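S.K.: structural data only, the sequence is not supplied:
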Ligand SMILES: [Zn+2]
């Protein structure tokens, strides 16, 4: 984290959870990756100075176009550290492929760290069980009242693939990788894209990182 800027260390957490309207018997149905974002303040610390800017206009403009995946947040630096902590070689490979996909755009540079990472990548079981509504989840925290390009500045993110749900709906390794890319997109600050040719479409299963997603990164990390 860049210490040059003195933040008002009022961080908030965004928890993304989701729903499904599919029948459990349809093993190849598309699961909603997640749909809801709720925000709760988790910490208040020192206050120095803030730049207050509304992102509403940006959000409205951005969500209207499928060609540019919208963003609500970004990291301060384009170099972002990550750590894979899945406990399995299979999922380590899934996450590393997802990391490569995002790095391929040349906008952000995800690098491994032995220390505390910006982004933690792992797996979990859905608390709603194998028929759970979502197949992945991302938690992100950001600094309130600090913005870059009208975006909130991320302080930390954790992304998980729900193994029990992915297993139950017979996701292939490629499909799980697509889910990993989707969740990592949230960890980079991206929101859902209305278009199906984006990995950030809300019900990703077949789609990998694509041009609209790199366009979104370029816009938010410019
Ligand atoms: Zn999502």
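M.R.: Ah, there it is. Since the model is a prediction, treat every value here as computed from it, not as a measurement.

S.K.: now the spatially most central residue of the chain: which helix or strand?
M.R.: Centroid-nearest residue in the chain: residue 186, 1.5 Å away (criterion: Cα atoms, centre = their mean). Using DSSP states H and E, residue 186 maps to helix 173-187.

S.K.: is that helix in proximity to the ion?
M.R.: No - Helix 173-187 lies apart from the ion when judged by Cβ under 5 Å from the ion; the minimum separation is 5.5 Å. In this view, the C-beta of every residue, glycine as well, is placed from N, C-alpha and C.

S.K.: residue 216 and residue 67 touch, don't they?
M.R.: No - with contact defined as Cβ atoms under 8 Å, residue 216 does not count as touching residue 67 (9.2 Å).

S.K.: more neighbours: which of those two?
M.R.: Under the criterion of other Cβ atoms under 10 Å, the comparison of residue 216 against residue 67 puts residue 216 first, with 27 against 13.

S.K.: SS state for the nearest residue to the more buried one once chain neighbours are set aside?
M.R.: Using Cβ to Cβ, 6 or more residues apart in numbering and skipping residues adjacent in sequence, the residue nearest residue 216 is residue 69, 3.2 Å away. Three-state assignment for residue 69 (DSSP: H, G, I helix; E, B strand; the rest coil): coil.

S.K.: from the ion, how far off is residue 69?
M.R.: 11 Å (Cβ to the ion, to the nearest Å).

S.K.: residue 114 too?
M.R.: 29 Å.

S.K.: what's that residue in contact with, if anything?
M.R.: Contacts for residue 114 (Cβ atoms under 8 Å, 6 or more residues apart in numbering) come out as none.
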